[in-house]
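Undergrad: here's my sequence, what's the structure:
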Amino acid sequence: MNRIDIHTDRLHIRYYEQKDLNSHHQILQQAFESDGTLEETQSWLTWTISNYQELARLYQPPYGDYAMELKSTGVVIGSVGIVQTIVPWGVLDGRPAQERHHLVSPEFGLYWGVLPEYQRQGYATEGARAIINYLFDEWHVKQVVATTDFDNTASQKTMEKLGMRLFHNPTKEPFWCQVTGLLGHPEQ
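TA: Numbers count the residues shown, from 1 in each chain. So this is what the prediction gives:
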């Protein structure tokens, strides 16, 4: 499959490189509220760069984190990525509590994060839509998902703008699945 190198109207979505260490560390701290050290970010960055190559060698999906760079300035303003997301559909389907279960299925999951000064300008939606189109056009995936917390209304709005159907977990378990957005391939 193709290397991720996507151009939208305003963004260049590309592999992270070692030169992006400080930018990515800032994104982790400000957009993802991480308290990791610069050394931890360096370790992650080295692994991420190797991951691109190793997954491609194994003919695996391009799971990973990608830089969202402004085409106009070359500034990295955020991250968008693909992860294997485990979704416990049984807790989201509206069945009575005594019939719910936590059986899971692996899904192509999306995530995004944008530096605060670039939020509310459509960059998360633009970047996520580009990755969705890539997954549908190049990998022919059946569906993509995104998950977020009950309180993260900004991500829920992004999911809606992407055309995702939102599922709200009526319980607090599992803790990592509070709101799930689902978007099926347009041909299904």
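Undergrad: following the longest strand along the chain, which helix or strand comes up?
TA: What stands out as the longest strand in the chain, according to DSSP state E, is strand 76-87. Counting by DSSP states H and E, the element after strand 76-87 in chain order, helix or strand, is strand 105-114.
Undergrad: residues of stretch 11-27 that come out buried?
TA: Leu11, His12, Ile13, Arg14, Tyr15, Tyr16, Asp20, Leu21, Ser23, His24, His25, Ile27 (16 or more other CB atoms under 10 Å). Heads up, the C-betas are built off the backbone N, CA and C, glycines and all.
Undergrad: what's the closest non-adjacent residue to the most centrally placed residue in the chain?
TA: Centroid-nearest residue in the chain, with CA atoms, centre = their mean: Tyr111, separated by 1.7 Å. Excluding the flanking residues, the one nearest Tyr111 by CB to CB, 6 or more residues apart in numbering is Gly81, at 5.2 Å.
Undergrad: mind listing what's buried in the strand or helix carrying Asn133?
TA: Here Asn133, judged by DSSP H and E, is contained in helix 123-134. By 16+ other CB under 10 Å, the buried positions in helix 123-134 come out as Tyr123, Ala124, Thr125, Glu126, Gly127, Ala128, Arg129, Ala130, Ile131, Ile132, Tyr134.
Undergrad: would you check that the last one makes contact with Ile6?
TA: Yes: at 6.1 Å, Tyr134 and Ile6 qualify as touching, with contact defined as CB atoms under 8 Å.
Undergrad: give me the common contacts of those two.
TA: With contacts defined as CB atoms under 8 Å, 6 or more residues apart in numbering, no residue is shared by Tyr134 and Ile6.
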